[in-house]
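> below are the sequence and a predicted model; questions follow.
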Amino acid sequence: LRLETSSHEGVPKEKMGVAEAPASPTPSPRAAPPALLPVLEASPARGQLAATFHALTWASDKLSWAVAAAAEALPLDALLAGVSAALTERPVLVTGDSLYMVTSVTLGLAELLKPFKFQGTLMPLVPPALLPLLESPTPLLAGVMREDLAAAPPPGRGALVLDLALGASAPAGWRGELGGAPYAIPVPPLPGEGLLYRDLLPVHTRLRAASTSPAGPGAAQATPLPRFPGHLSVEAACAALELSVLVEDHLGTFAERVARHSLRDTDSGLCVLLQEPLFAAFEAGDLLFLDDFLGAQVCAEHFELTRL
């Protein structure tokens, strides 16, 4: 295609029948758009919290929405009890009336175990046909609908049952219900749980506030905000990310302390833990958790221990 230039450079535009276009008005200055992310408070976590909006959604293998659901549905004491019970391989049952919340909280607890990985049976929802699985002696982290749990055999001694209906209105210090109570041994606290609780409390409070609407006149308590499954507000996503970073940082520090008391043979690959100096390195209140943790498959897989 050949383009030909016009030869009317000297002819006025009026004579050519071309009207001159009016000058475009000067655009007025516009206000800057609001920031997508709220200002994050300083945190003792060593992880990087200056995340972009895309990082808040995380990759497909990250369950930020499940962590947010677990923190929204459970008091902080019960949330930490669920993490401790899973790491010491006690059966953990999450029950409720909402299919979405039961499955999300179960997956959120598994996500909060990082840098460790749950080595037992993980079932976000146990169908009625597999309810006998709840009597299995193997480690279990499962979600069960309330009507199914009522029809199943009573949970075994020491099993931790996290009832989401009770968790919504539980008193301070509630750490779930124990199967076989009052004779069941309580779930041991995580090493350094007091310090971790203090760091998590403002984040947990902020996440629950971002997920609920304020109580109106005459209302007993705040109500959850309606949302699509998996959808998070920016404030809730920020709080879920910070909560995950704090828990993972705390458990990572614990893993480093344990690893200092291990011996590994580079030729054979054998690895053992020196238990006496290991127990001496922890506070007395941490020993009950440590004793159960060292015998768990979670510990053996993470540190690649050799069972002698």
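Perfect, I can see it now. Numbers count the residues shown, from 1 in each chain.
> can you point out the buried residues in the host helix or strand of Trp65?
Assigned by DSSP states H and E, Trp65 belongs to helix 64-73. Using 16 or more other CB atoms under 10 Å as the test for burial, helix 64-73 gives 64-73. C-beta: built from backbone N, CA, C; applies to glycine.
> average pLDDT for it?
Averaged across helix 64-73, pLDDT comes to 89.
> nearest to Gly192 among the buried residues of helix 64-73?
Using CB to CB, Ala71 comes nearest to Gly192 of the buried residues of helix 64-73, at 19.3 Å.
> point out where the stretch 151-300 of the chain drops to low pLDDT.
The model of the stretch 151-300 of the chain has pLDDT under 70 over residues 168-169, 181-182, 213-231.
> hmm, 80 instead?
Applying pLDDT under 80 to the stretch 151-300 of the chain flags the ranges 156-157, 167-173, 179-184, 211-233, 265-269.
> that older thread, and the next helix or strand past the helix holding Trp65?
Later in the chain than helix 64-73, the nearest helix or strand by DSSP H and E is helix 76-87.
> number of nearby residues for Leu294?
Neighbour count for Leu294, taken as other CB atoms under 10 Å: 17.
> repeat for Ala81
Considering only other CB under 10 Å, Ala81 is surrounded by 26 other residues.
> report the secondary structure state of Leu122.
Under DSSP: H, G, I helix; E, B strand; the rest coil, Leu122 falls in the strand class.
> ok, it - contacts?
Residues near Leu122 by CB atoms under 8 Å, 6 or more residues apart in numbering: 106, 110, 141-142.
> redo that, cut-off 6 Å
110, 141 (CB atoms under 6 Å, 6 or more residues apart in numbering).
> which of the buried residues of helix 64-73 sit farthest apart?
Checking the buried residues of helix 64-73 with CB to CB, the most distant pair is Ser64 and Ala73, at 15.1 Å.
> just give me the neighbour total for Gln275.
The local packing of Gln275 (other CB under 10 Å) involves 12 other residues.
> hmm, I typed the wrong one, I wanted Val126.
24.
> could you check the pLDDT of it?
93.
> was I right to think it contacts Met145?
No: counting by CB atoms under 6 Å, Val126 stays clear of Met145, with 8.3 Å between them.
> dump the C-alpha coordinates for the helix holding Trp65 into CSV.
Extracted C-alpha coordinates of helix 64-73, given in CSV (Å, rounded to 0.1, in the frame of the first residue of the first chain):
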residue,chain,number,x,y,z
SER,A,64,-3.8,-18.0,53.6
TRP,A,65,-7.6,-18.2,53.5
ALA,A,66,-7.5,-21.4,55.6
VAL,A,67,-5.2,-19.7,58.2
ALA,A,68,-7.6,-16.8,58.3
ALA,A,69,-10.6,-19.1,58.8
ALA,A,70,-8.8,-21.0,61.6
ALA,A,71,-7.9,-17.7,63.4
GLU,A,72,-11.4,-16.3,62.9
ALA,A,73,-13.2,-19.4,64.3
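> what's the angle between that helix and helix 76-87?
Angle, helix 64-73 to helix 76-87, by axes from the mean of the first three to the mean of the last three CA atoms, to 10 degrees: 130 degrees.
> give me the contact list for helix 64-73.
By CB under 6 Å, 6+ apart, the residues outside helix 64-73 that reach it are 58, 101, 104-105, 107-109, 111, 164, 167, 204, 207-208, 211, 230, 232, 236, 240, 243-244.
> understood, closing this out.
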